[in-house]
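Asks: any chance you can model this:
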Amino acid sequence: MSEHAKPEAATAQYAPTEIGADLSKLPANEQQALAKLVQAGWIMDALFLRQAWAGNEGLLLNLLTDRSPLGQARTRDFLLNKGPWDRLEHNTPFLAAVPPKPEGANFYPAGATKTDLEAWLTSLSEADRTRANGFFTTIRRSTSVKGKTGFEVVPYSVEYQVELARAAELFSKAAKLTAQPPRVGESRDNDGEALEKRKDDAIEVVEFRQHIFDEHAQPILAYFRQEAPERFCIVNGEQPINDVYADTLSVLGLKKDD
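Replies: A predicted model of the protein is given here:
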């Protein structure tokens, strides 16, 4: 596959947008904590490159050595697409001598076929198959004591342990830079006024509400769940209120103007 004749034309498909925020209202310690989070984000960004394709990191290092206008344009395209494939052109390679974009990214061994992987998954116990199909694992080649090549499950905590350890250290430093909310009777950080405690903000009130729910609401839920499942619907109440409202109307078969 030939390279883009005009990398500038490919880059022009994107509309650069500057995203910022006014951090002046944040206290100095929180600005420092935010800087640590940004640094952790850089680690995750580089980690994504490796997850997308095993050859990304080496290719990027090679691209960075070319400081010509064309070389810099190629590097810019690479960073925009997080790899050598144009995401707006159905993952067509825009650099020479790169393979087609791997369907399994770098979560599976290079060259492993779907048939081989499915046969291996079938041979696993139910527990191991669940681990292999998890969202936070990779599959790698392994060699048994008899020299037979197969596959093994490698959790993210092992596969990316160096990067995750560095990110965790930054998260820990960010946490230590932030202050806990002041206790009742102390002053608020932003305006210096004394805190006030609501009368219903007490463990006894929460426990009483939980008791009422368990005694009165749970039996009703259990009844409809078992006896009338077609009338039992669940709405996620932890989402924004407008989404809760829309989902409630949906399960009731109503429209907003009804």
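
Asks: give me the contacts around stretch 115-132.
Replies: Stretch 115-132 is contacted from outside by 108, 133, 137, 139, 150-151, 153, 155, using Cβ atoms under 8 Å, 6 or more residues apart in numbering. (C-beta placed from N, C-alpha, C; glycine too.)

Asks: can we see that at 7 Å?
Replies: Outside of stretch 115-132, the residues within contact range by Cβ atoms under 7 Å, 6 or more residues apart in numbering are 108, 137, 139, 150-151, 153.

Asks: what's the model's confidence in it, averaged?
Replies: Averaging pLDDT along stretch 115-132 gives 91.

Asks: show me how this protein divides into domains.
Replies: The chain breaks down into these domains under automatic domain parsing: 114-159, 203-252.

Asks: please identify the deepest-packed of these.
Replies: Among the domains of the chain, ranked by average contacts under mean count of other Cβ atoms under 10 Å, first place goes to domain 114-159 (a mean of 12).

Asks: distance from the chain centre to it, please.
Replies: What separates the centre of domain 114-159 from the centre of its chain is 23 Å, taken as Cα atoms, centre = their mean, to the nearest Å.

Asks: ditto for stretch 93-113
Replies: Distance of stretch 93-113 from its chain centroid, counting by Cα atoms, centre = their mean, is 22 Å.

Asks: could you number the chain from 38 rather than 1 from now on?
Replies: Sounds good: first residue 38 from here, last item stretch 130-150.

Asks: between the two ends of that stretch, how far is it?
Replies: End-to-end distance of stretch 130-150 (Cα to Cα, to the nearest Å): 21 Å.

Asks: contact partners of it?
Replies: With contacts defined as Cβ under 7 Å, 6+ apart, stretch 130-150 is touched by 38-41, 47, 87-91, 111, 114, 121-123, 128, 154, 175-178.

Asks: same check, this time on stretch 250-263
Replies: Here stretch 250-263 makes contact (Cβ under 7 Å, 6+ apart) with 268-269.

Asks: quick one: mean pLDDT over that stretch.
Replies: 80.

Asks: give me the distance from it to the chain's centre.
Replies: From the chain centre to the centre of stretch 250-263 is a distance of 35 Å (Cα atoms, centre = their mean).

Asks: for it, C-alpha coordinates in CSV please.
Replies: Provided in CSV are the C-alpha atoms of stretch 250-263 (Å, rounded to 0.1, in the frame of the first residue of the first chain):
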residue,chain,number,x,y,z
PHE,A,250,-37.4,0.0,51.7
ASP,A,251,-36.6,-3.6,52.8
GLU,A,252,-39.9,-4.1,54.6
HIS,A,253,-42.3,-2.5,52.1
ALA,A,254,-40.7,-2.0,48.7
GLN,A,255,-38.7,-5.2,48.4
PRO,A,256,-41.7,-7.6,48.7
ILE,A,257,-43.5,-5.7,45.9
LEU,A,258,-40.5,-5.9,43.7
ALA,A,259,-40.1,-9.6,44.4
TYR,A,260,-43.8,-10.2,43.6
PHE,A,261,-43.7,-8.4,40.2
ARG,A,262,-40.3,-9.9,39.3
GLN,A,263,-41.7,-13.4,39.8
